[in-house]
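Chemist: missing the sequence, but the structure's below:
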DNA sequence: GTATAAACGAGACGGTACGTCAGGTCTTTCT
DNA sequence: AGAAAGACCTGACGTACCGTCTCGTTTATAC
């Protein structure tokens, strides 16, 4: 969301540089307010006031509230729940999904389901979520599957995309389709992975 | 001079009765506008203007825009994609999910992902979706699973909830988590059901 | 500035009628604030806040701050300084101009020079000032001159417009062209009228 | 408005000297923009952009938009309409006022009435107008009057200030009080001077 | 020549106010 | 009592300029 891309390091961008403390201040304010009053009721004015920053300063960095939330979410989640590589695909997914489920039980979950919710209504945000969150993770996960097929852990002929949908789909289903509001436990993840893997193995 | 002949006991409700044409008019206006300008940009004022109706008239019937959309969605979907009972669970799900996938490829899909999106932000709508859409369908589907276990088609010890998540999860994952925007084809559904069922059968 | 013009009294306009107390409240707030902090620093937001009224409520009545000030000014000035008809033209103008000078020494003067100042920058306001303030008064005054010519008090061949410019011009000159900030006294008015009339009489 | 040159030529001020082309560029940009979009809508940012100059460069020279306009006005008007000394007071005023009326029919008039308008709202500008435009001209004109009294052209006992008000007042009245938007013609000036002078002469 | 000092362009920044939009409530008259 | 119309308060929107600031760069005098 932030203008980035450096490439040629040549000129130092001319003009007074953006204050990165200010950026951090805004992100923090957004998280604080979201935590306190609900991420659904975040407003530009509220964030600006809480961060002690002018609205224009925010608009210079992000085009919408959701841009901010997106950045805040990504900054946290990559630290907290990176994909886990293990000897077998089954172990890799179990570990990765347990970690993911854990963060989803906390603040990240609260944010993510709002983020994905809002992405349904907002085309620009949807693209942002795709390119910055879904695609990068999916690519790593696809590698797990392909490797599993090579080693013979998984049977040949499987469509790796379907495999990922079968594994992660249920997780997001629980997160996004309102049913019984039960949290996603480690036991649920284990049970899920085991059930699905029965259909995947040779 | 025909005597009105109320016949019906109770009360004639006193005062001017609600015009049911008006109700239909509003629903139609909501669908028209949503189709044209995107369901995400529906507003009470817009719907009222387009339907040629006063705002109060709408508020008397629904508490929010999403209430209207919810009603419009349910009215259509139950006609179009009822659950399909077949001799085997596998066949039942294949048929039901194909039908569902088909409607999701059209207007219903467009509405549903907005509805689920909005439900993430709006607690009241979330409950509405749960009780009027998710739970009723889920109960029927659970019956399919239990029956499959009884007949021996599915192995004992399966958690029926996990089964449903494993089947429907991927569908909603495709619908809600933005990835490649590929539509959900019948082939995808077949492939998915077959893959998952391998892990479910005896 | 307010939408007015009734004409056909028939229909009572449908819908909730405007609250005339609210209108008065806004005008009063504008005058209060102007008096306190200077009419030059009036803002819509300030007036709204001080009147305890929503901005939209004001915008429904006036298109700009100056529209409000205009209305407030006219409401006062017509009460305070109506044109004075006397037996002779000289006496009529002396009386009228004394009264006008007196109000200009007070709040009306403060407002008027801002109003005329702003009218230089704002074409719409300029027209408003012309039709609601300048023209009506000028027409009455022209009548004084014409009558003076008929009775023989003033010589024939005078251009009535020039006469009015010669009389009122100096007054507005003092008001609008900054020089020594001396107030316009009754003595000044008398001296002015006498000097000018020497050139007007037979 | 510009930082005054101290007179003593001593030090060349150390550091990079101001570029006088830049100053001219800004003035020109202000006039261009004013001519095109109306002097009332001039902004610092607009002028800076149009002149291809940084805002700070302008602020280093003038404290406000109106300072610029003031300088631009004065630079033109003193060239175009200096006071005219003639043998008689009547002839001096006729010539001077004709010349003034002529410039007021063009761009100078457009600017001046905005300048005087704005001066009503802005105390600093008001003083600026007084000291740089009104007072210097008024002093010369007062001399005309005093000389006329000495030579016996005008009667004794006249208050010179009232004389000037009587002569220039109508001109500014026409310029500033919106009435019929008729331009100020030479014929009008002649007629006005003759009428007023009838009351001034012995 | 090399400091030093100011001009200059660029753009960030905190502010204030703008005029608009939609929400949800209310008041009025008509049906 | 329902319905249409529209006033009303509320809150947020995104934008425009303001005047100040912080940079890096340029251009002149002074040492």
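Modeler: Yes, it's here. As the structure is a prediction and not an experimental result, all values here were calculated from the model.
Chemist: Can you pull up the most central residue in chain A?
Modeler: residue A:133 (5.0 Å; CA atoms, centre = their mean).
Chemist: Look up how far residue C:133 lies from that residue.
Modeler: According to CB to CB, to the nearest Å, residue A:133 and residue C:133 sit 64 Å apart. Placement of C-beta: from N, CA and C, glycine included.
Chemist: if you average pLDDT over stretch A:135-145, what comes out?
Modeler: Across stretch A:135-145, pLDDT averages out at 94.
Chemist: so where's chain A uncertain?
Modeler: Scanning chain A for pLDDT under 70 picks out A:1-12.
Chemist: how deep is the closest residue to the residue nearest to the centre of chain A other than its chain neighbours tucked in, by neighbour count?
Modeler: Among residues not flanking residue A:133 along the chain, residue A:74 sits closest, at 6.6 Å (CB to CB, 6 or more residues apart in numbering or on different chains). Neighbours of residue A:74 under the rule other CB atoms under 10 Å in any protein chain shown: 18.
Chemist: which element is residue A:74 on?
Modeler: Using DSSP states H and E, residue A:74 sits in helix A:65-80.
Chemist: Show the secondary-structure elements that that helix is packed against.
Modeler: With contacts taken as 3 or more CB pairs under 8 Å, 6 or more residues apart in numbering or on different chains; DSSP states H and E, helix A:65-80 sits against helix A:20-37, helix A:44-51, helix A:89-105, helix A:107-121, helix A:123-129.
Chemist: what's in contact with that helix?
Modeler: With CB atoms under 8 Å, 6 or more residues apart in numbering or on different chains as the test, helix A:65-80 has contacts from A:1-2, A:26-27, A:30-31, A:34, A:39, A:42-44, A:47, A:58, A:62, A:99, A:103, A:107-108, A:111-112, A:114-115, A:118, A:122, A:125, A:128-129, A:132-133.
Chemist: Can you turn the buried part of those residues into a ChimeraX selection?
Modeler: A single ChimeraX command selects the buried members of the contacts of helix A:65-80 (16 or more other CB atoms under 10 Å in any protein chain shown):
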select /A:1,26,27,30,31,34,39,42,47,58,62,99,103,107,108,111,112,114,115,118,122,125,128,129,133
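Chemist: Within range of DNA strand F, give me the residues from chain A.
Modeler: A:11-12, A:14-17, A:43-46, A:55-56, A:59, A:64-65 (CB under 7 Å from any atom of the strand).
Chemist: Over to the closest residue to chain D within chain A. Which of the three states is it?
Modeler: Scanning chain A for the residue nearest chain D gives residue A:15, at 9.7 Å (criterion: CB to the nearest CB). Under DSSP: H, G, I helix; E, B strand; the rest coil, residue A:15 falls in the coil class.
Chemist: how about residue A:39, what does it touch?
Modeler: Counting by CB under 8 Å, 6+ apart, residue A:39 makes contact with A:69, A:110, A:111, A:114.
Chemist: how about those residues, which pair is most distant?
Modeler: Farthest pair in the contacts of residue A:39 (CB to CB) is A:69 and A:110. Separation: 10.5 Å.
Chemist: if I look at these two, which residues touch both of them?
Modeler: Overlap of the contact sets of residue A:69 and residue A:110 (by CB under 8 Å, 6+ apart) consists of A:34, A:39.
Chemist: returning to what we had before: so which of the helices and strands packed on helix A:65-80 gets nearest residue B:94?
Modeler: Closest approach to residue B:94 among the helices and strands packed on helix A:65-80 is made by helix A:89-105 (25.8 Å; CB to CB).
Chemist: What is that closest one packed up against?
Modeler: helix A:65-80, helix A:135-151, helix A:160-176, helix A:186-200.
Chemist: Go through those and pick out the most buried.
Modeler: helix A:160-176 (a mean of 23; mean count of other CB atoms under 10 Å in any protein chain shown).
Chemist: Any part of that helix near chain B?
Modeler: Yes - legend: contact between helix A:160-176 and chain B by CB under 8 Å from any CB of the partner chain is shown at A:162, A:163, A:165, A:166, A:168, A:169, A:170, A:171, A:172, A:173, A:174, A:176.
Chemist: Which residue, other than its chain neighbours, is closest to the fourth one?
Modeler: Put plainly, it is residue A:166. Nearest residue to residue A:166 in three dimensions, chain neighbours excluded: residue A:196, at 5.1 Å (CB to CB, 6+ apart).
Chemist: what residues are up against that neighbour?
Modeler: Counting by CB under 8 Å, 6+ apart, the residues that residue A:196 touches are A:166, A:167, B:166, B:196, B:199.
Chemist: any idea which of the residues of helix A:160-176 next to chain B is closest to chain C?
Modeler: Nearest to chain C among these, with distances taken as CB to the nearest CB, is residue A:176, at 37.8 Å.
Chemist: Distance check, the residue nearest to residue A:121 when sequence neighbours are not counted against residue B:115.
Modeler: Once flanking residues are discounted, residue A:121 sits nearest to residue B:40: 3.9 Å by CB to CB, 6+ apart. Distance of residue B:40 to residue B:115, computed by CB to CB: 11 Å.
Chemist: burial of the closest residue to DNA strand E within chain A, as a residue count?
Modeler: Proximity of chain A to DNA strand E (CB to the nearest atom of the strand) peaks at residue A:15, 2.1 Å away. Using other CB under 10 Å, residue A:15 has 7 other residues around it.
Chemist: and it, backbone torsions?
Modeler: Note on residue A:15: backbone dihedrals following degrees, to the nearest 10 are phi 90, psi 170.
Chemist: Which positions within stretch A:44-53 qualify as buried?
Modeler: For stretch A:44-53, the neighbour count (16+ other CB under 10 Å) marks A:46, A:47, A:48, A:50, A:51, A:53 as buried.
Chemist: Could you tell me which residues of chain A lie near DNA strand E?
Modeler: Checking chain A against DNA strand E by CB under 7 Å from any atom of the strand, the hits are A:13-19, A:22, A:52-57, A:60-61.
Chemist: For ChimeraX, write the selection for the buried entries among the residues you listed.
Modeler: Buried members of the residues of chain A next to DNA strand E can be picked out in ChimeraX with the line below, counting by 16+ other CB under 10 Å:
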select /A:22,53,57,61
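Chemist: State the pair within the residues of chain A next to DNA strand E that is farthest apart.
Modeler: Farthest pair in these, by CB to CB: A:14 and A:52, 27.0 Å.
Chemist: what's the spacing between the nearest residue to residue A:86 once chain neighbours are set aside and residue A:84?
Modeler: Among residues not flanking residue A:86 along the chain, residue A:92 sits closest, at 4.3 Å (CB to CB, 6+ apart). Computed as CB to CB, the residue A:92 to residue A:84 distance reads 6 Å.
Chemist: Settle it for me: which of the two has more neighbours?
Modeler: residue A:92 (21 against 16).
Chemist: got the contact list for the nearest residue to residue A:141 once chain neighbours are set aside?
Modeler: Distances taken as CB to CB, 6+ apart place residue A:164 nearest to residue A:141, at 5.6 Å, with adjacent residues excluded. For residue A:164, the contacting residues are A:138, A:141, A:142, A:145, by CB under 8 Å, 6+ apart.
Chemist: ok, now residue A:54?
Modeler: Contacts of residue A:54 by CB under 8 Å, 6+ apart are residue A:48.
Chemist: Next, the contact list for residue A:90, please.
Modeler: A:148, A:153, A:193, A:197.
Chemist: repeat that for 7 Å
Modeler: By CB atoms under 7 Å, 6 or more residues apart in numbering or on different chains, the contact set of residue A:90 is A:193, A:197.
Chemist: What of the one 10 residues further on?
Modeler: Neighbouring residues of residue A:100 by CB under 7 Å, 6+ apart: residue A:81.
Chemist: separation between it and chain C?
Modeler: Distance, residue A:100 to chain C, by CB to the nearest CB, to the nearest Å: 47 Å.
Chemist: cool, residue A:133 as well?
Modeler: 40 Å.
Chemist: before we move on, what about residue A:151?
Modeler: 68 Å.
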